[in-house]
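**Student:** Coordinates only, no sequence provided:
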């Protein structure tokens, strides 16, 4: 099938592009390279060395022939995305083309506005272009489990049935985004729901957990480092698990934010790609907006750090876990139970546990220890939810509660 | 008290500014005059003649002395709104500074993007500027009952208690916006909720029904036409009730969209001003985000048209009610029951019924019959939810269901 990937230069975009091309689909990728620029802006880089898109495409062409194409451009430009839809005629559109960092969106008014403007207007343009040039295409929007926040009840899969004043209804499950980035994803949710309703578009909203890992069936940094996907480990673009792994590799104490009871859903990169491929193959009906909670396991961040320590120690790494002041404003202990049945019904079977994947990740990252060490200063939290400014730079751990 | 009104050149903004100045507050108004430009863009104007802000302020100064001030500027420019907060030191900020038309947001990708960019980024800038320069001010956000849409259960006042999987919680009541404009208001809702949570700001989110009327305690078009507030009657900026009144005055059949069972909440302009004044006087606690449903009565649009016909016939106007194809995609018959207790608890007492206010409105509009007649072509629906394009121009009524 014809698949359009918006944000194909990113962590998941590049991995998905290679996998779908390998499976014989015709893949067209789009990116404006904003991720490379924003990571550079905050003084970091990917632990895995990332080739230029030109070089990536050159190597990929040798393997996948004519299955993979790329256009540089920005979907906040309506004419650009309209032209792409006209020429690509996609059956599925995987929308990864957004600014994906919560801390980045909290730096100041300018970064918050950039995040929401970029994400919301890009998606809005995409919806109008789909209406006019690809009304039957299936929009797969990469949302995030963070759209739900941490409500005091179980997290339903997008919708839940409730009773109020004697009437029962199936309603949208409430969203509690915890940053202006997460809020931008919720804004997209509303715009996409509306477009499905009024224009009969079809969409799957993927509420994805935290994705981790350095390998897929097509990517192996030790065998072919030129085809790596990116791996961010800094405080702005790196997730907790990525930071812990990078810290473990260079002998920096693992920096757990606050009490460390913050619980989230996780899945391995290779399993995220499995899910997204399944979703491409199973489109909803015209006019349908559906929500999939895409996670495998749930962990709190202290357990994550302990697991990294355990696997790292098997590789003779000396690892300490430190609790540092939490730069975010978030619940550090909370209820967290997620319903995630839809993808399993479509056939999703997780293939990697956290421990298995960490074993591979740490091996791969040890090969890039020098690159991590060089940007060590980008790991420690500086961007706060309070005023975006630098917090105490000391590496001294806070007292455990 | 010091009150900042964003959007003071608009229908409610101007009315509120005069009332608060009359009551002895120090009022600072801001506007970028976008409403004047957008109404001109779609080929219409206000039925009531609107003076330039310079002339308005000149007359107001003679009445209210130093109580009323004005700055031209755009809050999508962060530095502008930050400077205004620094100099004005507001205790209450009434935020009416948004693109307020649903049809305008549905014209095409550009108009949708303008609406969301203008509304969301303006509010985001305001929140950051409040954090830094007015952290104790009370933000009164003009939301709309349209954020809720028409759910199959009673509409709670922002939050409702529900049970799910054996756990009870007080959750955000779901929002179902029906246009990209309404969605922009929902986006604001999420951004404001977040800012209250992480920065301890305080806000009242006013889910206002449709406001109608030409008069307040300070405004009377027959006595002082130079101090009128605007009255839009075109298909893009005019509400159903405004269109019906304008049609009644020039002998055009009243254009009810579709079956006409669309039910909404309403309140008279003078009562909206009463509510907003009450809210200014009663700030929530620091960190509190609260929601008020600000309506008086509910009507379906067919009953509205019949009431306009009844009152108009008393004035010897010949009035016919036509059902025309609905340019919107919306439920034309639905459950609609709204909880609205908070404002009444604060002391709100509606002072005008629909019939009483219509009686005054039609009198006032008869005085501007020539201005309405001149822009008659702007009344008939052209902007559709389907593709923003013109629909059949015929005035032929559709068959009643």
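**Tutor:** Everything's here; your move. All figures in this text were calculated on a predicted structure; none of them were measured in a lab.

**Student:** which residues of the stretch 1-150 of chain A fall in strands?
**Tutor:** A:2-6, A:26-31, A:68-72, A:92-95, A:138-144 (DSSP state E, counting those that start in this stretch).

**Student:** Any chance of JSON lines for those strands, columns mean neighbour count?
**Tutor:** From N, CA and C alone the C-beta is placed, and that goes for glycine too. Formatted as JSON lines, the strands of the stretch 1-150 of chain A follow (neighbours: other C-beta atoms under 10 Å in any protein chain shown):
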{"stretch": "strand A:2-6", "mean neighbour count": "25"}
{"stretch": "strand A:26-31", "mean neighbour count": "25"}
{"stretch": "strand A:68-72", "mean neighbour count": "18"}
{"stretch": "strand A:92-95", "mean neighbour count": "26"}
{"stretch": "strand A:138-144", "mean neighbour count": "25"}
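
**Student:** Same list, the ones you listed, but as a markdown table with mean pLDDT and distance to residue B:262 please.
**Tutor:** Converted to a markdown table, these look like this (pLDDT from 0 to 100; distance: least, C-beta to C-beta, whole Å):
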| stretch | mean pLDDT | distance to residue B:262 |
| --- | --- | --- |
| strand A:2-6 | 98 | 36 |
| strand A:26-31 | 98 | 40 |
| strand A:68-72 | 98 | 43 |
| strand A:92-95 | 98 | 33 |
| strand A:138-144 | 98 | 29 |
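
**Student:** Out of the ones you listed, which gets nearest to chain B?
**Tutor:** strand A:138-144 (13.7 Å; C-beta to the nearest C-beta).

**Student:** For the nearest residue in space to residue A:88 that is not next to it in sequence, which residues are in contact?
**Tutor:** Closest residue to residue A:88 apart from its sequence neighbours, by C-beta to C-beta, 6 or more residues apart in numbering or on different chains: residue A:28 at 4.5 Å. Going by C-beta atoms under 8 Å, 6 or more residues apart in numbering or on different chains, residue A:28 touches A:2-5, A:69-71, A:84, A:88, A:90.

**Student:** what's across from residue A:28 in the sheet?
**Tutor:** Taking DSSP bridges as the rule, residue A:28 bridges to residue A:4, residue A:69.

**Student:** Give the residue spans of the stretch 251-400 of chain A that score low on pLDDT.
**Tutor:** A:389-400 (pLDDT under 70).

**Student:** Would you mind listing what in it touches chain B?
**Tutor:** Contact residues, the stretch 251-400 of chain A versus chain B (C-beta under 8 Å from any C-beta of the partner chain): A:329, A:335, A:337, A:385-387.

**Student:** Taking the residues you listed together, which two end up most distant?
**Tutor:** The most widely separated members of these are A:337 and A:387, with 33.5 Å between them, by C-beta to C-beta.

**Student:** So between those two, which is more surrounded?
**Tutor:** residue A:387 (15 against 11; other C-beta atoms under 10 Å in any protein chain shown).

**Student:** Wait, the more buried one touches residue B:131, no?
**Tutor:** Yes: in this structure, residue A:387 is within contact of residue B:131 by C-beta atoms under 8 Å, at 7.3 Å.

**Student:** What strand or helix carries the closest residue to chain B within the stretch 251-400 of chain A?
**Tutor:** Chain B sits closest to residue A:329 of the stretch 251-400 of chain A, with a gap of 4.3 Å, by C-beta to the nearest C-beta. Under DSSP states H and E, no helix or strand contains residue A:329.

**Student:** can you count the residues close to it?
**Tutor:** Number of residues near residue A:329 (other C-beta under 10 Å) recorded here: 16.

**Student:** Count the residues that sit near residue A:288.
**Tutor:** Using other C-beta under 10 Å, residue A:288 has 15 other residues around it.

**Student:** Ramachandran angles for it?
**Tutor:** Dihedral pair for residue A:288: phi -90, psi 130, per degrees, to the nearest 10.

**Student:** That one against residue A:202, yeah?
**Tutor:** Yes: at 5.3 Å, residue A:288 counts as touching residue A:202 under the criterion of C-beta under 8 Å.

**Student:** what do these two both touch?
**Tutor:** residue A:196.

**Student:** which residues touch residue A:355?
**Tutor:** By C-beta under 8 Å, 6+ apart, the neighbours of residue A:355 are A:307, A:310-311.

**Student:** Next: residue A:78.
**Tutor:** Contact partners of residue A:78, counting by C-beta under 8 Å, 6+ apart, are A:125, A:128-129, B:109-110, B:113.

**Student:** circling back to that earlier point, select only the buried ones of the contacts of residue A:355 in ChimeraX?
**Tutor:** The buried residues among those can be selected in ChimeraX (16 or more other C-beta atoms under 10 Å in any protein chain shown) with this line:
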select /A:307,311
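
**Student:** need the residues of the stretch 1-150 of chain A near chain B, please.
**Tutor:** A:78, A:108-110, A:112-113, A:116-117, A:120-121, A:124-125, A:128-129, A:131-132.

**Student:** can you do 7 Å?
**Tutor:** Within the stretch 1-150 of chain A, the residues that sit near chain B (C-beta under 7 Å from any C-beta of the partner chain) are A:78, A:108-109, A:112-113, A:116-117, A:120-121, A:124-125, A:128.

**Student:** Can I get those in a markdown table including pLDDT and distance to residue A:381?
**Tutor:** Putting those into a markdown table (pLDDT from 0 to 100; distance: C-beta to C-beta, whole Å) gives the following:
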| residue | pLDDT | distance to residue A:381 |
| --- | --- | --- |
| A:78 | 98 | 37 |
| A:108 | 95 | 16 |
| A:109 | 97 | 20 |
| A:112 | 98 | 18 |
| A:113 | 98 | 23 |
| A:116 | 98 | 23 |
| A:117 | 98 | 26 |
| A:120 | 98 | 27 |
| A:121 | 98 | 30 |
| A:124 | 98 | 33 |
| A:125 | 98 | 34 |
| A:128 | 98 | 39 |
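
**Student:** Can you pick out the most distant pair from those?
**Tutor:** A:108 and A:128 (30.1 Å).

**Student:** Compare these two and say which is more crowded by neighbours.
**Tutor:** The neighbour comparison of residue A:108 against residue A:128 (other C-beta under 10 Å) goes to residue A:128, with 23 against 16.

**Student:** Could you report the neighbour count for the closest residue to the more buried one other than its chain neighbours?
**Tutor:** Computed as C-beta to C-beta, 6+ apart, the closest residue to residue A:128 that is not its neighbour in sequence is residue B:109, at 3.7 Å. When neighbours are defined as other C-beta under 10 Å, residue B:109 has 22 of them.

**Student:** Does residue B:109 touch residue A:127 like I think?
**Tutor:** No: taking contacts as C-beta atoms under 7 Å, residue B:109 lies outside contact range of residue A:127: 8.2 Å.

**Student:** Need the three-state assignment for the nearest residue to residue A:136 once chain neighbours are set aside.
**Tutor:** Sequence neighbours aside, residue A:286 is the residue nearest to residue A:136 in space, at 7.1 Å (criterion: C-beta to C-beta, 6+ apart). Following DSSP: H, G, I helix; E, B strand; the rest coil, the label given to residue A:286 is coil.

**Student:** pretty sure residue A:286 is in contact with residue A:202, am I right?
**Tutor:** Yes: assessed by C-beta under 7 Å, residue A:286 is found in contact with residue A:202 at 5.5 Å.
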